[in-house]
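Novice: Provide a 3D model corresponding to the input given below.
(2 chains)
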Amino acid sequence: MAGTSCGPAFSSAWPYDFKSKEGIVSLVFDSGQNNNPGTHVLAIGVGRYPHLLRGDGRLAAKPLGLKQLDSPPVSVRALSEWFLAPVTQSNSVGFINSAAPIATLHALASASESVTLATPNGPVALEAATRSNIDAAFASWLRCLKRNDGNVGVFYFCGHGLMLSDHYLLAEDFGGNDLQPWAAAFDISSTIRAVEREVKGALYFFLDACREVSQEIALSAGANPSALMAADLKLKVSRSSLTRISATGEGQLAFAEAGGHVSRFTKALIQSLSGFAGIKAAGQAAWEVDGETLASAIRKILEYDWEKTKDGKGTQLQLSEQIIHGRAVPLIRLNFSPKVAVEVTYSPETKRALYELYLQSAAMRVAQTQLDKPFEVDVPMGIYSVGAVDPAGILEADVRPNEDLRPPRYNVVLGTPS
Amino acid sequence: MKTLRIFLNYHYSLAFPELPQRGSAQGVALPVKVLDEQGTILADGIASSRKPAQIELADENQRVFARLTWPSGRTETQELDLSGSGSFDITFSDAGISRNEWSAWAIPRLNKGTQLAKSDRSFNLEIGRYAKVWLRIWRFEGTEWKSTQMAPSMQYKSDAARQIDLSLERYPHLLQIGGSDVPWRFIALPGGGPCRVLLTPNDSNDLRADPLKVVVTSFRTDVETLLEFLARDSIREASTMAGSEAVAYELFEDKFNDPIAAVVGGYFLLRVENWERVPLSWWNYLSSFSWVPDTAILHCIRLLRAGITGEDSRLTALRLFKDCLDRGWPVYEEGLQLLQEAGSLLKHIANAADAPYFSRVDALSLAKTWAGSSLSFYGREPAKPSTVLWVGMPDAPRRRQLASRDWVEQVGQFNSQTVKEEGIPDVSIASRLLTSSEFIKEFSPKTSMQFASSENETFRSERIESDLYAGRRSVGPIQSKRKERARVDTKKGNWMLLGDIGSDNSSG
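Specialist: Numbers count the residues shown, from 1 in each chain, chains lettered A, B, ... in the order given. Down below sits the predicted model:
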């Protein structure tokens, strides 16, 4: 593969010896097709914070009550491998966009143990997500993004976050310098305002971090994290579209299941991107997943997952929040109809096993007959008849025609008034 | 071609005055999409109480589905058999969505499954338990907020909601509500005409939601529907309502007759990044309506998005940012987003003397809460949005969450030291300092010292949990028992109880 990275041209073939070339330690994949429209991803996961509570470094003077996180390294690996999956192994579930295929992936991860990504050229161990590495990765990602007006940029962060009126994200080395405790945090809100003046393509920011209002930061005059780049106000806002989806609302917490699992938000994001979101207008060849479609799908998945688990666990509802600007530029282009995860059940449950629960469209019929459990099935989106009928023809049927099944989920309890 | 006409028969629109009269006003209007069996969108349009959506479809379509969408996200889908040729009609009706015609207008903006639209309401929606919640109106005159006489022209009541009609002059207005268990919060009201406010218990499944839902209309139904979609980032539906920007353009063009509607047009054009569609001079004219603070921030952002090319445009952008804040608060939540954007960009090129403005945006951002497209924030005084939740009656406010005295003193010393060491700080640091000072005032040592010692102990044991975070966390009411002397206007007659709304049989 030719060495045509976004920075100065490399003479060696990919994969490069990143540490010796321009210091781009984070570039783990480069398609070499940087003159064509493509999707450029920068993914950062910070779980290890040596200067925060239970860290392995000197404790920060003000650790803000923040501890080590299990989920970010797992989450960043899951999302990065999802983006690379189709180029790593054909026919695998992953990123699909024929108009802007995956072009580069920059990734950083901080964890107690090394995080290794599966890439088309074998496993790659990720460098730590320190502020200086984030700065370098960001600069390289931005350089890639600016190469073509049709490029799509994806920025993903999973780790600690705080907010005042802007949202601040914490790099691995946060708290390492008592004289400048906030030097290893960065202001992502101002960063976005800078980037949107630098590029012409579409931008997607996925921020999987808490957005709690910290009194510590609110009350400290010195707490003023810098952006990854300053906005050049002389420049016009040039990006075609901007989608910022935050894992949680302002002033709220983001969550992950304990024990090193993919976070709730990232799980919902990957599921939405994997065929559980999409919209198509007449005349379009593909089903498109743009910011609005994606944000709606993520929110519904988070809400549904909470509904399923809230009883008995005391789980707190986490609802994502989004800002969408500009015209719709899809991140994903599916060549198949998006799926809907369906759950049909019957109430009262004592009668459920007497019924056949079914979905029927012009093209297909799926059913579950006389089983005492909810009918769970994935079907292509569309208009269906959804019903419960007694195969013996004795009990009263409940049939709902023209149900509009849209991704990501459809849940209905039959036998009760709609 | 086949012609499909989609009618909207929402009978409440008959009793719903549309003000002010715009030639292009559509009355009650909602977006519709026509789909095939696979969910592909074949066409879209606006169905209104005055005019059906008229959609042309190719002859090969034999069976299609029309989907109507409310701002809340609720949809209704109907099948249409297009066998044969000619035109085909379909009607969406509101029959049975509300027992009370007077509250029907608000239902499309409430939660998808709002029980207000159902006849079998649950006990949870009983508004009687909020009878002691109080309301008052604030008006921004000159340079300050003044509480004004509550004088609803009409009052309505049911077991699930209360509603008042107000007539507001051309000033920025805020409605404030509060109670023993209802945090004090403000909701911006559009001035310069009639205004209707509906209050109903919040039936959200989110435990963090405010106990009472407040929905506001200025009787610009179609324009407000567009804005409600925008507030929920439903850009597709908002674009349908805006008729591919034509409506937004018309609203802007009519700015002298209806600046509030023009503001909505401006918000939409900025969202879809087509702000060049109208001339810069229009944004300039619009910003002269000082009784609508949103107009100034719209013009400011228009300049910033285009790039600041010289000293003049830098000064103009900064002046407009400050004008918006000097005129009160924006009417709409969209305006707060623009204030945040402008604050974040301009603080790098402003003077330290401007720091109070940036600090006010910080405070508003932190205190904001959700009321659909209307701006809403927590606080005790209209000029001072606060993350501290206040509860109680107007003449007996008390904090719902407290901070410890020693911690506040420590931070106060730290800030003083910063000023001493750094001299006059830059605007960014100065605004942060001011934000800090406002926090400290609310957690002032004077009042903190009056806490009962047992409460201090209780609080200290929870420090890790509640000391690090302000405002939004539900840590339960840890309250000062001593009532503070009110610093705000508590003149009797300037507030009314929710339970008294409609008690004179004016409606019901």
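
Novice: nearest spatial neighbour of whatever residue of the stretch 301-450 of chain B ends up closest to chain A, skipping sequence neighbours?
Specialist: Of all residues in the stretch 301-450 of chain B, B:Ser365 sits closest to chain A, with a separation of 3.6 Å (C-beta to the nearest C-beta). Using the backbone N, CA and C atoms, a C-beta is placed for each residue, glycine as well. Beyond its immediate neighbours in the sequence, the residue positioned closest to B:Ser365 (C-beta to C-beta, 6 or more residues apart in numbering or on different chains) is A:Ser165, lying 3.6 Å away.

Novice: then A:Asp398?
Specialist: Of all residues apart from its sequence neighbours, A:Leu414 sits closest to A:Asp398 (C-beta to C-beta, 6+ apart), at 4.4 Å.

Novice: wait, the residue nearest to B:Ser365 touches B:Leu366, no?
Specialist: Yes. Shown here, A:Ser165 and B:Leu366 form a contact pair, counting by C-beta atoms under 8 Å, at 6.6 Å.

Novice: quick check: pLDDT value at B:Leu230.
Specialist: As summarised for this prediction, B:Leu230 has a pLDDT of 94.

Novice: that one: how many residues sit nearby?
Specialist: Counted with other C-beta atoms under 10 Å in any protein chain shown, residues neighbouring B:Leu230 total 27.

Novice: return the residues in contact with it.
Specialist: B:Leu230 makes contact with B:238, B:267-268, B:271, B:334, B:373, according to C-beta atoms under 8 Å, 6 or more residues apart in numbering or on different chains.

Novice: can you check B:Glu228 too?
Specialist: B:71, B:109, B:372-373.

Novice: now render these as CSV, adding pLDDT, neighbour count and secondary structure.
Specialist: Converted to CSV, these look like this (pLDDT from 0 to 100; neighbours: other C-beta atoms under 10 Å in any protein chain shown; DSSP: H, G, I helix; E, B strand; the rest coil):
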residue, pLDDT, neighbour count, secondary structure
B:Pro71, 91, 25, coil
B:Arg109, 86, 22, helix
B:Gly372, 88, 22, coil
B:Ser373, 94, 24, strand
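
Novice: doesn't B:Leu338 make contact with the residue of the stretch 301-450 of chain B closest to chain A?
Specialist: No. The pair B:Ser365 / B:Leu338 is not scored as a contact, 11.7 Å apart, by C-beta under 8 Å.

Novice: touching, the residue nearest to A:Asp398 and A:Ser385? I think so.
Specialist: No. When contacts are counted by C-beta under 8 Å, A:Leu414 is not listed as touching A:Ser385 (11.7 Å).

Novice: circling back to that earlier point, need the contacts of B:Glu228 in JSON lines with distance to B:Arg220, can you?
Specialist: JSON lines is the format used below for the contacts of B:Glu228 (distance: C-beta to C-beta, whole Å):
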{"residue": "B:Pro71", "distance to B:Arg220": "14"}
{"residue": "B:Arg109", "distance to B:Arg220": "14"}
{"residue": "B:Gly372", "distance to B:Arg220": "14"}
{"residue": "B:Ser373", "distance to B:Arg220": "11"}
